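Trainee: have a look at this prediction, sequence included:
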Amino acid sequence: MDYSGAADGEYSAEYLVNRSRFICTVTRIADVDEGYEFVRRIRSRYPDATHNPYALVGTPESGAFRFSDDGEPQGTSGAPVLNAIRMQSLYCTAAVVTRYFGGIKLGAGGLVQAYSAAASMGLAAAEIVRYRLSVVYTLDIGYSEYRNLETILRASEAKVLDTRYADSVQITFSVPEEFAEALKRSVMALTSGQAERLKETGRKYITYKR
């Protein structure tokens, strides 16, 4: 199963309405427990904020998610933030919307609109990547063959993870699982059938730009 989510790092955007500030901060999380740590970090960053509603979505395998209104009227903040994440079909993503009250009440409808807008802006600012189940290989290859290998990797949507240059080139790369067999055939042809030069080291989810 492949899925999309926020890339590593933090991303933020700010939305202003009726003198209230809504600051959305988005990041990648491995699971919901890591998401709670992120929420605590944001609360520490903005200790004088009025509210910090949030939504956390874990892996598709876990199906885990959490959200909180953090003192705002029920259903006006956490749920809209969660909905913004779900609208983009994202997983492994946390979004916290920090509010500084500006003195003018927005009403339930206004709060829903404001939190939705802030969350959407935060997600729009984030780099979104696709997590794809991939096969990881290492390959020792000569310099003359290496130039042709680059063409094979591009055609297979592979991602280079590490390259070491010595008498030969040792390259570590991942390839989406569905392209692995075709890539192996291409590498076999390139290396004149020397299958032992291509070694599978594992299978795991790797991020690729969406």
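Mentor: On my side now, so go ahead. Numbers count the residues shown, from 1 in each chain.

Trainee: so where's the chain shaky on pLDDT?
Mentor: Low-confidence segments of the chain (pLDDT under 70): 1, 195, 210.

Trainee: okay, domains of it per the record?
Mentor: 3-126, 132-209 (automatic domain parsing).

Trainee: pretty sure residue 73 sits against residue 111.
Mentor: Yes. Under the criterion of C-beta atoms under 8 Å, residue 73 makes contact with residue 111 at 6.7 Å. To be clear about C-beta, it is placed using only N, CA and C from the backbone, and glycine gets the same treatment.

Trainee: who has more neighbours, those two?
Mentor: Shown here are residue 73 and residue 111; by other C-beta atoms under 10 Å, residue 111 has more neighbours (24 against 11).

Trainee: list phi and psi for that one.
Mentor: Here is the backbone geometry of residue 111 (degrees, to the nearest 10): phi -70, psi -40.

Trainee: just to check, it is in contact with residue 78?
Mentor: No. Counting by C-beta under 8 Å, residue 78 is not a contact partner of residue 111; they are 10.9 Å apart.

Trainee: any residues in contact with both of those two?
Mentor: Common neighbours of residue 111 and residue 78, using C-beta atoms under 8 Å, 6 or more residues apart in numbering, are residue 72.

Trainee: then stretch 48-57 to CSV, C-alphas only?
Mentor: Taking Å, rounded to 0.1, in the frame of the first residue of the first chain, the C-alpha atoms of stretch 48-57 are listed here in CSV:
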residue,chain,number,x,y,z
ASP,A,48,0.6,32.8,25.5
ALA,A,49,-1.8,31.5,22.8
THR,A,50,-5.5,31.3,23.4
HIS,A,51,-5.9,27.8,22.0
ASN,A,52,-4.0,25.1,20.2
PRO,A,53,-6.4,22.7,18.5
TYR,A,54,-4.8,19.9,16.5
ALA,A,55,-5.3,16.8,14.4
LEU,A,56,-3.0,13.8,14.2
VAL,A,57,-3.2,11.0,11.5
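
Trainee: which stretches of the chain form helices?
Mentor: 32-45, 78-87, 107-125, 143-155, 180-190 (DSSP state H).

Trainee: mind putting these in a markdown table, distance to residue 137 included?
Mentor: Shown next, in a markdown table, are these (distance: least, C-beta to C-beta, whole Å):
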| stretch | distance to residue 137 |
| --- | --- |
| helix 32-45 | 29 |
| helix 78-87 | 33 |
| helix 107-125 | 33 |
| helix 143-155 | 10 |
| helix 180-190 | 8 |
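
Trainee: and residue 54, which of those helices is closest to it?
Mentor: helix 32-45 (5.1 Å; C-beta to C-beta).

Trainee: pull the CA atoms of the closest one into CSV?
Mentor: What follows is helix 32-45, C-alpha atoms only, in CSV (Å, rounded to 0.1, in the frame of the first residue of the first chain):
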residue,chain,number,x,y,z
VAL,A,32,0.0,9.3,17.0
ASP,A,33,2.3,9.2,20.0
GLU,A,34,4.9,11.2,18.2
GLY,A,35,2.1,13.6,17.2
TYR,A,36,1.4,14.3,20.9
GLU,A,37,5.1,15.3,21.4
PHE,A,38,4.7,17.7,18.5
VAL,A,39,1.6,19.2,20.0
ARG,A,40,3.5,19.7,23.3
ARG,A,41,6.3,21.4,21.4
ILE,A,42,4.0,23.8,19.7
ARG,A,43,2.3,24.7,23.0
SER,A,44,5.7,25.5,24.5
ARG,A,45,6.5,27.6,21.5
